[in-house]
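Undergrad: This is a predicted model, with the sequence first.
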Amino acid sequence: MEELNDILLQRREKLTELREGGQNPFANDFLVSHGTKDVLDAHADDAAEALEGCETLYRIAGRIMARRDFG
């Protein structure tokens, strides 16, 4: 139980440091610039090499529904 209290104290200290530094520890102001479909439509025919050189910035949001480590 003491270990849990130590963890909670550390978290509260970090929270205080963030707030004192002018940061919102629970920020929710992420602005989306494009939808996923917009990005897919813009680059559907691009090769991997073209995508690596792409300097366009996309800010999208969503959930990861699946992840495959091998292929």
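TA: On my side now, so go ahead.

Undergrad: For His34, give me its contacts.
TA: Tyr58, Arg59, Ile60 (CB atoms under 8 Å, 6 or more residues apart in numbering). For glycine as for every other residue, the C-beta is placed from the backbone atoms N, C-alpha and C.

Undergrad: Need the residue closest to the centroid of this protein.
TA: In the chain, the residue lying closest to the centroid (CA atoms, centre = their mean) is Ala61, at 8.0 Å.

Undergrad: roughly how far apart are it and His43?
TA: As defined by CB to CB, to the nearest Å, Ala61 lies at a distance of 18 Å from His43.

Undergrad: Then Glu17?
TA: Taking CB to CB, one finds Glu17 at 40 Å from His43.

Undergrad: who has more neighbours, those two?
TA: Ranked by neighbour count (other CB atoms under 10 Å), Glu17 and His43 place His43 first, with 14 against 11.

Undergrad: can you pull the contacts of the more buried one?
TA: Shown in contact with His43 (CB under 8 Å, 6+ apart): Ala50, Leu51, Cys54.

Undergrad: where does Glu3 land in three-state SS?
TA: Look at Glu3: counting by DSSP: H, G, I helix; E, B strand; the rest coil, its state is helix.
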